[in-house]
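Trainee: Dropping a prediction and its sequence here:
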Amino acid sequence: MGNVLVVDDDPLNRRLLTNSLEREGHQTRSAVDGESALAALAEESPDVVLLDLVMPGMDGIQLLERIKADEGLRHLPVIVISGVDDAESIVRCIEMGAEDFLPKPFDPVILRARVNAGLNRKRLHDLEQERVHAVFARFVPESIVGALLDRTDGGSTIPAESLTGTVLFGDLRGFTPFAEARPADQVIEVLNRYLSLMTDAVLDHGGTLVDYMGDGVMAAFGAPVPTDDHADLAVAAARSMVTDKLAEFNGWLGSSGIGDGFRMGIGLNSGPVMSGSIGSERRMEYAVIGDTVNTASRIEGLTKQTPHAVLLAEGTYVSLRSTDGIVFVDEFVIRGRRSRMKVWGFEGPLTS
């Protein structure tokens, strides 16, 4: 059963429709014109709208246009039910997105079939939205899932676009020899505990989890939903990763008798990236690509030859709103670049 909003200026028609629907077990609400219908929609979104065309003030066609122009309502099934014998108006309603048209006086059997069909379409849409929401929530913070759904118009494919953001690469030091000396189930347990903690750090700071690469983590900030403070968010996430999250992970290793702990390295770079869904019809993934990404990965590799666990490219440093706790490290030769690159790191005893 569903919740149906009946919009009709004639009190007899409203009563006939609501009585018929309630006998079928549906919940109903009524509105006498377009303005009151919009107020009812703002208060609570129904599952189906039954809409009369001829009403004072805002008529049915104008209301339908408002509904279909609203991001939050456009997928709502609208069934036009009217005594208007005007093929042009009927065609216009269907072209604007109305699910169906029923003439007055209505046949209760046909009304029941049309409403049930609308409810089924609404349920399928809601189930798909729940599925897509669950997909997006795996790699973006819950707080921006809604914004991402708006950008994709409810679809599960993220459109391609160029953005400015910050890319983070993190790597666990010494994990390969550790894994080679342990049974597979223990290795996977350790890896899952580590990746879970690092993913929390990324998502808790507004980042997007792009990929796992064995014991490596790739994340993006400011993509696929743009943010002006992407560099600051990435630096905050990196600081959390190499301090409290790594300490928690190493503490768990020690208390479990598995090992003494690990160190890690993180590289950050900011600049233009290409963002979108890639893959095939059988498997799609979200990706960010471009020189900014490649450079971030190479900067992460530099942490192996410096005492700094986190290194920032100049692009990230100049994008920061606050540089507190950030110190200049050195200039390095980066593969693929003609000139040496200035690199910054965290001040203090954060070592790789």
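Mentor: Nice, thanks for sending it over.
Trainee: quick one, helices of the stretch 101-250 of the chain?
Mentor: Per DSSP state H, counting those that start in this stretch, the stretch 101-250 of the chain carries helices over the ranges 108-137, 142-151, 175-180, 184-204, 230-240, 246-255.
Trainee: how about the ones you listed, which one is nearest residue 17?
Mentor: For the helices of the stretch 101-250 of the chain, the distance to residue 17 is smallest for helix 108-137, at 7.7 Å, taking Cβ to Cβ. Using the backbone N, CA and C atoms, a C-beta is placed for each residue, glycine as well.
Trainee: Which strands or helices does the closest one pack on?
Mentor: If contacts are counted by 3 or more Cβ pairs under 8 Å, 6 or more residues apart in numbering; DSSP states H and E, helix 108-137 sits against helix 11-23, strand 48-51, strand 78-82, strand 100-103, helix 142-151.
Trainee: and among the ones you listed, the most buried is which?
Mentor: Mean neighbour count (mean count of other Cβ atoms under 10 Å) peaks for strand 48-51 among those, with a mean of 27.
Trainee: residue ranges with poor pLDDT in the stretch 151-300 of the chain?
Mentor: The model of the stretch 151-300 of the chain has pLDDT under 70 over residues 153-154.
Trainee: again, only this time at 90
Mentor: Within the stretch 151-300 of the chain, the segments meeting pLDDT under 90 span 151-159, 181, 259-260, 277-286.
Trainee: picking that back up, deepest in the core, which of the helices of the stretch 101-250 of the chain is it.
Mentor: Mean neighbours per residue, mean count of other Cβ under 10 Å, is largest over the helices of the stretch 101-250 of the chain for helix 230-240, with a mean of 24.
Trainee: Now that one - C-alpha only, CSV.
Mentor: Output of helix 230-240 as CSV, limited to C-alpha atoms (Å, rounded to 0.1, in the frame of the first residue of the first chain):
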residue,chain,number,x,y,z
HIS,A,230,40.6,20.1,-0.5
ALA,A,231,44.3,20.5,0.4
ASP,A,232,43.5,21.2,4.1
LEU,A,233,41.2,18.2,4.3
ALA,A,234,43.9,16.0,2.7
VAL,A,235,46.5,17.2,5.1
ALA,A,236,44.2,16.6,8.1
ALA,A,237,43.5,13.1,6.9
ALA,A,238,47.2,12.4,6.4
ARG,A,239,48.0,13.6,9.9
SER,A,240,45.3,11.4,11.4
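Trainee: For residue 77, which non-adjacent residue is spatially closest?
Mentor: residue 118 (3.6 Å; Cβ to Cβ, 6 or more residues apart in numbering).
Trainee: Cross-check the contact I'm expecting between residue 64 and residue 55.
Mentor: No. In this structure, residue 64 is not within contact of residue 55 by Cβ atoms under 8 Å, at 11.5 Å.
Trainee: which residues does the spatially most central residue of the chain contact?
Mentor: The C-alpha lying nearest the average C-alpha coordinate of the chain belongs to residue 145 (Cα atoms, centre = their mean; 3.0 Å). Residue 145 makes contacts with 133, 136, 137, as judged by Cβ atoms under 8 Å, 6 or more residues apart in numbering.
Trainee: Mind doing that once more with 10 Å?
Mentor: By Cβ atoms under 10 Å, 6 or more residues apart in numbering, the contact set of residue 145 is 132, 133, 134, 135, 136, 137, 225.
Trainee: still on that earlier bit, next, show the common contact partners of residue 64 and residue 55.
Mentor: 7, 34.
Trainee: Run a quick neighbour tally on residue 73.
Mentor: 17 (other Cβ atoms under 10 Å).
Trainee: in which helix or strand would I find the closest residue to it other than its chain neighbours?
Mentor: Ranked by Cβ to Cβ, 6+ apart and with sequence neighbours excluded, the top spatial neighbour of residue 73 is residue 67, at 4.8 Å. According to DSSP states H and E, residue 67 maps onto helix 60-69.
Trainee: per-residue confidence at residue 21?
Mentor: pLDDT, residue 21: 88.
Trainee: Residue 136 too?
Mentor: 78.
Trainee: what's it in contact with, if anything?
Mentor: 142, 144-149, 152, 156, 158, 208, 224, 286.
Trainee: From residue 264, how far out is it?
Mentor: For residue 136, the distance to residue 264 (Cβ to Cβ, to the nearest Å) stands at 27 Å.
Trainee: Check residue 14 too.
Mentor: Distance from residue 14 to residue 264, by Cβ to Cβ: 66 Å.
Trainee: Which residues are in contact with residue 299?
Mentor: So residue 299 contacts 167, 169, 265-269, 310-313, 316, 332, 334, 341, 343 (Cβ under 10 Å, 6+ apart).
Trainee: quick one: which of those residues has the most company?
Mentor: That'd be residue 167 among the contacts of residue 299, by other Cβ under 10 Å, with 34 neighbours.
Trainee: What is the longest strand of the chain by residue count?
Mentor: Secondary structure of the chain per DSSP state E: the longest strand is strand 264-279.
Trainee: now that strand: how far from the chain's centre is it?
Mentor: 17 Å (Cα atoms, centre = their mean, to the nearest Å).
Trainee: next one: stretch 331-339
Mentor: With Cα atoms, centre = their mean, you get 35 Å for stretch 331-339.
Trainee: tell me which residues of that stretch are tucked away?
Mentor: 332, 334 (16 or more other Cβ atoms under 10 Å).
Trainee: can I get the CA coordinates of that stretch in PDB?
Mentor: Output of stretch 331-339 as PDB, limited to C-alpha atoms (Å, rounded to 0.1, in the frame of the first residue of the first chain):
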ATOM      1  CA  GLU A 331      64.000  20.000  -3.600                       C
ATOM      2  CA  PHE A 332      63.800  16.600  -5.300                       C
ATOM      3  CA  VAL A 333      64.100  15.300  -8.800                       C
ATOM      4  CA  ILE A 334      60.700  13.800  -9.700                       C
ATOM      5  CA  ARG A 335      60.500  11.300 -12.500                       C
ATOM      6  CA  GLY A 336      58.600  12.800 -15.500                       C
ATOM      7  CA  ARG A 337      59.400  16.400 -14.500                       C
ATOM      8  CA  ARG A 338      62.200  18.600 -16.000                       C
ATOM      9  CA  SER A 339      62.800  20.700 -12.900                       C
END
